[in-house]
Structure formats: structure tokens, C-alpha cells
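# Compute the structure for the input listed below.
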Amino acid sequence: MSEIRAEMRLPTTELRDDLPFFTKTLKMRLDMIYPADNPEVAVFSGHGLRLRVEKGAPEAPGTIRILTDDPDGFADGRRELTAPNGTRVEIDELNPPLVLPETEHAFVVRRLADQAPWVIGRAGMHYRDLVPSRLGGAMIASHIRIPDGGPVPDMVHFHKVGFQLIFCVKGWVDVVYEDQGGPRRLYAGDCFIQPPEIRHRVLEASDGIEVIEIGVPAEHITEIDHDMALPTGHFRPEREWQGQRFVHNVGKEAAWAPFRIPGFIARDTTINANTKGVAGVMVIRKGEGAAPWTRHKGDILFTFVMAGEMTLEGEGKEPYRLSAGDAFVVPPGMKTRYSDPSDDIELLEVTLPAEFETELL
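I've put the predicted structure just below:
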């Protein structure tokens, strides 16, 4: 097989000024330089790059980003440099800490009837944004569908997140996870908790599959893992990723109990226990009696209507009659009431943190 190399070309006006910068300051290796009597081209390699610095090249100087686990020790603490040839160099963290923005609380109602646009995202999946404000970057809630089922063109990947939920609303989807055995099929009513950075790949989906995906924070990185093959050779259900365990909760096996709001019942998805209180996920149905006015003291309270209808009343707001496909966020301290639910009402509630006080009014 023939050898192939790729290199980026950068311009210069005086090569001899660039040599010490690229070799000593940026710690790259000089691989080639010519002609010997009056050098006009030098090739450097290092940090996964191969650079051709060429006198009179027509390109702009560009920017190089160097990511390291010791950015303060790489170039005497300097985070931004400019090479003699004009190339900007940025020194940054290789694995920056996850930043969870402070929640910008708001009362949000997103209705399917308002025709919120679907956009085509990763792996050809359709996304509908359920919380456009993202609560100041604190969370993202997406309604995802795949109209035509079959194999999904996905790769082994992971997400740098604080919390991530996949809840199946319609159809089914097959996903394989790191250290969790073979492919797992998620049916309507089931959910996965994907702990931070667990490797996984979507394999196949039914026609019309729909899921709700919650991610914290809203902007997070998805990385492809080109080295890991799934399934792995281990089955380790007790393994933790940053303090969280993988969860595959099967809805039909759950037990129902009184909900935090009288007039409704709920089933726990075990997310509270397996994220050590980071988040709670409940499925809610109509119980006995009418629900009172309440207000909560949590941080994030997101709800998606999976089936049926109900009226959402909010202090100082016009009532909203909600139906399947609608979603809402209630900020802490706001008085609300879930009234006139249909017998088939089914809600998905996601809260951060999992445990908080609800005041009955």
C-alpha cells in the first residue's frame, strides 16, 4: 500500500525567523528544509500536525490551536502567540472542565400545534427544540424522530455532559453501549441514562421512532471514538462514569405510586438512585381527585406530554390546554396547577436535582 501524507501550507517572508519559533517555542520537529543555500521551504511536524512553511505562499497565515493537559507550562504560560510569519497560535486545555451554566429560569410552553420547525441533525435524525431559550444554556430538550426506519449511519461516540436522558415515546431503537453487553432495544415507555462519556452507537430504528433527549448543559461536545469496537467484551452493570451508572429502565415492569402532586400517580425510572440525585425522571398519570395549586423549589422542572390532554394554569398566565407533543418548563417559586386531565394523560417529568420540596397551596 502506498504511503500518503497530508500537510498544511503556511506563508512566510523570512524563513530563518520562523525556525526557532516552530522548533523551540512550539516544540515541533524540523523534518525538511530546502534549498540548502537559501532556504525557502521548511516542513515541521508535531502534536498531530505537519506544517509546510513556504516563502511567498499565497495563503493567509491562519491559526493553530494546541491542546494540552498543561497549557500554562507549554509556552511559559502564554496562551496566545504570533509566529514571525503571522500565524496565530492558541494554547488551550486538552480536556477542559465541564461548565454548567447557571439556570436562567423562565416559564416556557412549547406546543406541537405551533409548528416548531424540525431540523436535520446528526446521523440524519430530525430534531425539534422543546426549550428554545435553553434556560440560559443550562439544558437542551429535543424531540427527535427518524421517519424511515432501518440501520442508522452512526459511529461509536460519546458526549461530554453532566446528565443525558433518552426516553422512547414511539417505536423502538437498538443501541449498543460500552460494558453493557450486546445491543439493547428501547421500546416506547422505556428510557436510557447515558452517563457522561459512555461510548455508544445507535444501530437500527423502527419506522416513525420518536424519542425525547435531555442534555445538561445545552452545549456539549460529541466526540467520535475511532478505536473502540462495540460491543465490548465486558458486562459491568455496576460500573460508574463520573459517579453515574448506565440505566435501561423498562416501563412495563415499573410500579406506580402517589406522585408529589396529589391527583396523579407516577412511576420512578431509577434515574435518581443511579445518578446519585443529579436528576429525577418520572412518568405521570391521572390518579384520584383534583390537583391543587403548587410551587416547587427545585432548579429545572421540564415536562413533556406523551399522551392525553390537560390544562396548565400558571399564576398571572392564561391557561394552556396541552396535548401530546407539547412541553413546558415551570420555574421555581411559580404557582401552577395541572387541571382537567384526560383519563389517558401521560407526562414525562425531568427534574434537576432529583429531590426538592413541592409546596401544596
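# Now do the same contact list for Pro258.
264-266, 287 (CB atoms under 8 Å, 6 or more residues apart in numbering). The way it works is simple: take the backbone N, C-alpha and C, and place the C-beta from them, glycine included.
# Oh, that last question was meant for Glu40, not what I typed.
Contacts of Glu40 (CB under 8 Å, 6+ apart): 15, 34, 54-56.
# Just the buried ones from the residues you listed?
15, 54-55 (16 or more other CB atoms under 10 Å).
# Mind checking which of those residues are in helices?
Using DSSP state H, the subset of the buried ones among the contacts of Glu40 located in helices is Leu15.
# Closest to Ile345 out of the buried ones among the contacts of Glu40?
Lowest distance from Ile345 to the buried ones among the contacts of Glu40 (CB to CB) belongs to Glu54, with 68.0 Å.
# Any idea what that closest one is bridged to?
Pro11, Val41 (DSSP bridges).
# thinking again about what came up before, as a markdown table, the buried ones among the contacts of Glu40 with pLDDT would be great.
Formatted as a markdown table, the buried ones among the contacts of Glu40 follow (pLDDT from 0 to 100):
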| residue | pLDDT |
| --- | --- |
| Leu15 | 94 |
| Glu54 | 97 |
| Lys55 | 96 |
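# Closest one to His248 out of the buried ones among the contacts of Glu40, please.
Of the buried ones among the contacts of Glu40, the one sitting nearest to His248 (CB to CB) turns out to be Glu54, at 55.0 Å.
# my guess is the closest one contacts Val41, does it?
Yes - counting by CB atoms under 8 Å, Glu54 touches Val41, with 5.0 Å between them.
# wait, which of the buried ones among the contacts of Glu40 is closest to Phe235?
Nearest member of the buried ones among the contacts of Glu40 to Phe235, counting by CB to CB, is Glu54, at 53.8 Å.
# domain parsing for this structure?
8-93, 116-249, 253-360 (automatic domain parsing).
# out of those, nearest to Phe107?
Nearest of the domains of the chain (CB to CB): domain 253-360, 5.8 Å.
# What's the end-to-end length of the closest one?
With CA to CA, to the nearest Å applied, domain 253-360 spans 30 Å between its terminal residues.
# and it, average pLDDT?
Here domain 253-360 scores 97 as its mean pLDDT.
# what stretches of the stretch 101-250 of the chain score poorly on pLDDT?
115-116, 121-124 (pLDDT under 70).
# For the stretch 51-200 of the chain, just list every one of the helices.
Remark: helices assigned in the stretch 51-200 of the chain by DSSP state H, counting those that start in this stretch are 71-74.
# what are the ranges of the strands in it?
Secondary structure of the stretch 51-200 of the chain (DSSP state E, counting those that start in this stretch): strands at 63-68, 80-82, 88-93, 108-110, 118-120, 126-129, 140-146, 150-151, 157-160, 163-170, 172-177, 184-187, 191-193, 200-205.
# highest average neighbour count across the ones you listed?
Of all the strands of the stretch 51-200 of the chain, strand 191-193 has the most neighbours on average by mean count of other CB atoms under 10 Å, namely a mean of 25.
# I'd like to know which elements that one is packed against.
In terms of contacts (3 or more CB pairs under 8 Å, 6 or more residues apart in numbering; DSSP states H and E), strand 191-193 is packed against strand 163-170, strand 247-249, helix 271-274.
# Run through who's touching that strand.
By CB under 8 Å, 6+ apart, strand 191-193 touches 163-168, 175, 177, 184, 186, 244-249, 251, 269, 271, 274-275, 281.
# please redo it, this time with the cut-off set to 7 Å
Here strand 191-193 makes contact (CB atoms under 7 Å, 6 or more residues apart in numbering) with 165-168, 175, 186, 244, 246-249, 269, 271, 274-275, 281.
# and that strand, which strands flank it?
When DSSP bridges is applied, strand 191-193 pairs with strand 163-170 (antiparallel), strand 247-249 (antiparallel).
# Please name whichever of those is nearest to Arg88.
Judging those by CB to CB, what sits closest to Arg88 is strand 163-170, at 34.5 Å.
# Run the angle between the closest one and strand 200-205 for me.
10 degrees (axes from the mean of the first three to the mean of the last three CA atoms, to 10 degrees).
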